[in-house]
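**Student:** Return atomic coordinates for the entry below.
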Amino acid sequence: MSTSEFKRITALSVGPETARPLTVSGAQDLHWLRENIPCQAACPAGTDIPSYLEAVYHGRFKDAYEINLRDNVFPAVLGRVCSRPCEAAGRHGWAGNGEPVAICFSKRSAADFHHQQPIVLPQLLPESGRRVAVVGSGVAGLTAARQLARFGHVVTVFEKHSVPGGMLNQGIPAFRLPRDVIEFEIGQVLALGVEVRCNVAIGGDLGLAQLVGEFDAVVMAAGTLRPNVFDLPGRGLPGVEHGLAFLLQVNEFGRREIGRRVVVIGGGYTAMDCARTALRLGAAVAVCYRRARAEMVVLPGEVQEFLEEGGELRNECVPIGLLHAEGKLAAVRFVRTHPGESGRDGRRLPVPIAGSEFEVQADGVILATGQFPDCAWIGGSLSAQLVGADGWLSSGGAQRTAHPKIFAAGDFALGATTLIEAIGHAKECAVQVHRHLSGETLSRQVASVGPSFQSKLSAGRTTGRTADMNAIPIHRMPTLPLDRRGFSDEVETGYEQPQALLEASRCYLCHYKFEIIDSKCVLCDECLKVKPVPGCIVEVAALLRDDEGRLTGYRRVEEGKTDSLYYNRLWIDQSQCVRCGQCEAVCPVNAITIQKVSLETQLAP
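**Tutor:** Model (predicted):
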């Protein structure tokens, strides 16, 4: 956000604590938010992370839960299984700043301690009378449904299984995600008037063309249910199965049988879920992955949990065949690998090492080797219009398809991705569906800027942070002892309230902007004497901007320079400020102000 813009805002917004926030939507303002609140910028759903961490820190758990509910739809679910792109992006994840704030676990704390009363968000727009069908009741389908219901439309979700939730129920094991948590948060979606029709398979019981004829719009959110089964000699042997089928049979249909020695091939979320489930069914389990352990795409700590539960991990090996004895699976033959040249995704490709073959005994193999969207159910002329020769949607990752009434949300458009990415994609899909139905541009992103205040003049208006909070170590998630981990007992038990408050206090609260007003500053250096971080307040000669006027940095004052181009000016570097307020507290002329700046999505006027 530009300095001149902040000066204008400051002049307009000084006043009582009840003053309404101003909103500005220029490119400079949104750039400021992206640069200075990196955790939120990294969240595909745009979750207001610093606001809910601040609420947790002050014990306002219901407020924290509602902030999450508005943005990411499933706070308690994501508080357990989110892929956490925000954590590494946040300032605590930067080099030299310790370990990232446990944003995911704090989200769970908000859910755990808000007394679990259902919260039904208000409808945003009047009833439209328009009807929308959603195919699939996973996170993408339910997110699109909830948003469209809030926009005033009548939404019906079609689900081929007996309960809604998609991979939340069918894929993620109960020891990671309790079923009552899923049911509770789906209930909050249904409370908005969303109807879910289970045991209805589109393409079988009901055709997509029929939905197009009966509804004003259709959202395809059918996930990725087509397994990637590569050409491996012996893959047709009994005991060889894909991870999705295995998890579905166990989680939805109650399967409890498995081989004695199971090899799981893969290194992602599905591989870990399959492996830890197989352990609980009594198998000896080895996970074999073609790359190094550091390249496994899993949740932090998940591999360690698997190893502590008795699993075995073999990295840098790729299967080359399945061996049998008397028609039964007996072993998996592997070859070791080493990193080769970079592939299209920038990762180094595993290259087999000649002569390094070895075998692992197995009477069960689970292929956790990825999955793709299954478009076969689309059928008929719509298939020719919507599906490419490769079996994927010809519209790619876009929410709109070649048919004006048909849209795609989440993994069905993107391919297998994460829950939070699917939610973010589905939210935008709902916006585009509304635009199709109403012809209106629904929303815009703005910077919401609260009134300026000085803590000396406004009792209780401080951030509550101290410099000592910078050094608080991350709080590890408590877990059940190994001997108490049954088939469905949740392994991660959640923070106690004191832990939750202390962990949230680690957040730098980057949505507070401390600013020195040049016209009031007398360069007394009192703020420089108390600053807790060397670079949080700096003497600058000039602020640096790009061609669009966006602030990109500053040039420090050079000692001994007396040229008129160099002058003393104090600047608070937001990337170093820890929001402790010491500078503001000692300023004798009240030249330092504090404003809360948040990214908001507002209905367009």
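**Student:** can you map out the helices along the stretch 51-200 of the chain?
**Tutor:** Secondary structure of the stretch 51-200 of the chain (DSSP state H, counting those that start in this stretch): helices at 61-72, 75-81, 85-89, 103-112, 139-150, 167-170, 179-190.
**Student:** Of those, which is nearest residue 283?
**Tutor:** Proximity to residue 283 (C-beta to C-beta) singles out helix 167-170 among the helices of the stretch 51-200 of the chain, at 20.5 Å. For glycine as for every other residue, the C-beta is placed from the backbone atoms N, C-alpha and C.
**Student:** Burial check on the residue nearest to residue 557 when sequence neighbours are not counted, number of neighbours?
**Tutor:** Nearest non-adjacent residue to residue 557, counting by C-beta to C-beta, 6 or more residues apart in numbering: residue 539, 4.4 Å away. Neighbours of residue 539 under the rule other C-beta atoms under 10 Å: 18.
**Student:** Parallel or antiparallel, list what pairs with the strand or helix carrying residue 539.
**Tutor:** For residue 539, the host element (DSSP states H and E) is strand 537-545. With DSSP bridges as the test, strand 537-545 is paired with strand 551-556 (antiparallel), strand 570-572 (antiparallel).
**Student:** thinking again about what came up before, looking at the helices of the stretch 51-200 of the chain, which is buried most?
**Tutor:** Burial of those is given as mean neighbour count (mean count of other C-beta atoms under 10 Å); helix 139-150 ranks first at a mean of 29.
**Student:** roughly how far out does that one sit from the chain middle?
**Tutor:** With C-alpha atoms, centre = their mean, to the nearest Å as the basis, helix 139-150 stands 17 Å off its chain's centre.
**Student:** and the closest residue in space to residue 202 that isn't next to it in sequence, what is it in contact with?
**Tutor:** Closest residue in space to residue 202, ignoring its immediate chain neighbours: residue 135 at 5.0 Å, by C-beta to C-beta, 6+ apart. By C-beta atoms under 8 Å, 6 or more residues apart in numbering, residue 135 lies in contact with 141, 157, 158, 202, 208, 211, 218, 219, 220, 221, 222.
**Student:** can I assume residue 421 is in contact with residue 43?
**Tutor:** No - if you go by C-beta atoms under 8 Å, residue 421 and residue 43 don't touch, sitting 9.8 Å apart.
**Student:** And those two? Which one has more around it.
**Tutor:** Neighbour totals were compared for residue 421 and residue 43, and residue 43 leads with 24 against 19 (other C-beta under 10 Å).
**Student:** so what's that one up against?
**Tutor:** Contact analysis of residue 43 by C-beta under 8 Å, 6+ apart lists 49, 71, 72, 85, 86, 420, 424.
**Student:** would residue 273 count as being in a helix?
**Tutor:** Yes - read with DSSP: H, G, I helix; E, B strand; the rest coil, residue 273 is one of the residues of a helix.
**Student:** how many other residues sit next to it?
**Tutor:** 27.
**Student:** Can you check the pLDDT for it?
**Tutor:** Per-residue pLDDT puts residue 273 at 98.
**Student:** I'd guessed it sits against residue 247; true?
**Tutor:** Yes - with contact defined as C-beta under 8 Å, residue 273 reaches residue 247; the gap is 6.1 Å.
**Student:** Please enumerate the shared neighbours of those two.
**Tutor:** Common contacts of residue 273 and residue 247 (C-beta under 8 Å, 6+ apart): 171, 173.
**Student:** any idea how far residue 435 is from residue 404?
**Tutor:** 12 Å (C-beta to C-beta, to the nearest Å).
**Student:** These two - which one has more neighbours?
**Tutor:** Using other C-beta under 10 Å as the criterion, residue 435 and residue 404 rank with residue 435 on top: 14 against 10.
**Student:** State the distance from that one to residue 537.
**Tutor:** For residue 435, the distance to residue 537 equals 46 Å [C-beta to C-beta].
**Student:** now do residue 419
**Tutor:** 40 Å.
**Student:** Between those two, point out the one with more neighbours.
**Tutor:** Each of residue 419 and residue 537 has its neighbours counted (other C-beta under 10 Å); residue 419 has more, 28 against 24.
**Student:** And for the more buried one, nearest residue in space, chain neighbours not counted?
**Tutor:** residue 139 (5.2 Å).
**Student:** I'd assumed residue 410 was in contact with that neighbour.
**Tutor:** Yes - Residue 139 is within contact range of residue 410, at 6.9 Å (criterion: C-beta under 8 Å).
**Student:** which residues does the residue nearest to residue 557 form a beta bridge with?
**Tutor:** Under DSSP bridges, the beta-bridge partners of residue 539 are residue 570.
**Student:** Over to the one 4 residues further on?
**Tutor:** According to DSSP bridges, the partner residues bridging residue 543 are residue 554.
**Student:** Can you name the residues that contact it?
**Tutor:** Counting by C-beta under 8 Å, 6+ apart, residue 543 makes contact with 3, 551, 553, 554, 555, 571.
**Student:** any residues in contact with both of residue 139 and residue 410?
**Tutor:** Common contact partners of residue 139 and residue 410 (C-beta under 8 Å, 6+ apart): 422, 423, 426.
**Student:** Out of these, flag the one nearest to residue 596.
**Tutor:** Nearest to residue 596 among the shared contacts of residue 139 and residue 410, counting by C-beta to C-beta, is residue 423 at 25.4 Å.
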